[in-house]
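A.B. asks: Mind looking at a prediction? Sequence and model below.
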Amino acid sequence: DHAVEGYRMAQHPIFYDDNPVKLYLCGKLDEMVDRRSAVAPYPVERVEVPFDDGKTISCLLHLLPDRRKAPCVIYVPGMDQTKESFPKVSASQGLARGMHVISMDGPGQGNSNIQKIRAVGDTYERAGAAVIDYLQARPEIDGERIGIYGVSMGSFWSLRLASYDHRPAALASTVACFYPNNTI
């Protein structure tokens, strides 16, 4: 978890997506995620959800150890977060409560930036709906009990997603972002 967070934070302040240092650090971040996943006490899968024009929404799916059919929470990160920041494999709050967790790099975040998927218009809502489509096709996921958890700017996007797509059964957000979207 510490190595993942170190590389996640190191790549973040480089705002040019094609910068060789950013790409190198993102590669190291992926390597650390794979190493962490290999020793995690439960399965962690990389998921690429199909999105606009052959692009993908990159996610990490944290599954209960027995892979039983259960609710799933979609983690919607804030603007300075990525899919790697939550949950920590050493203390997954969702899994401790009997829920799978999927963390997404929505438009404007992490791997979506590398793919030039920007947080403009309704891209975040459409990306979230694509993740819900994916989850409803998974045998481990109870498609009637999908929740959304948004943090910081993700509190804004999670509310927009829930108003755009009415399939989620629950929504929780925290560390609300009260500034206008154009501030960030």
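C.D. replies: The structure has been received and is ready for your questions.
A.B. asks: ok, now which ones touch the residue lying closest to Y164 once chain neighbours are set aside?
C.D. replies: Using Cβ to Cβ, 6 or more residues apart in numbering and skipping residues adjacent in sequence, the residue nearest Y164 is E125, 3.7 Å away. Using the backbone N, CA and C atoms, a C-beta is placed for each residue, glycine as well. By Cβ atoms under 8 Å, 6 or more residues apart in numbering, the contact set of E125 is W157, R160, L161, S163, Y164, D165.
A.B. asks: which of the residues in the host helix or strand of S103 are buried?
C.D. replies: For S103, the enclosing helix or strand under DSSP states H and E is strand 100-104. Buried residues in strand 100-104, counting neighbours by 16 or more other Cβ atoms under 10 Å, are found at H100, V101, I102, S103, M104.
A.B. asks: check which helix or strand covers the closest residue to A169 other than its chain neighbours.
C.D. replies: Excluding the flanking residues, the one nearest A169 by Cβ to Cβ, 6+ apart is R145, at 5.1 Å. In this structure, R145 sits in strand 141-151 according to DSSP H and E.
A.B. asks: between that strand and strand 100-104, how big is the angle?
C.D. replies: Computed by axes from the mean of the first three to the mean of the last three Cα atoms, to 10 degrees, the angle separating strand 141-151 from strand 100-104 equals 50 degrees.
A.B. asks: ok, back up a step: mind checking how far whichever strand or helix holds the residue nearest to Y164 is from the chain centre?
C.D. replies: Using DSSP H and E, E125 falls within helix 123-136. Chain-centre distance of helix 123-136: 11 Å, with Cα atoms, centre = their mean, to the nearest Å.
A.B. asks: Quick check: the residue of the chain most remote from its centre vs S173, distance?
C.D. replies: Note on the chain: the largest C-alpha distance from the chain mean falls to P20, namely 23.8 Å (Cα atoms, centre = their mean). Here the criterion is Cβ to Cβ, to the nearest Å. By it, P20 lies 36 Å from S173.
A.B. asks: Let me see the ranges of the helices in the chain.
C.D. replies: Secondary structure of the chain, counting by DSSP state H: helices at 2-11, 20-39, 93-96, 110-114, 123-136, 153-164.
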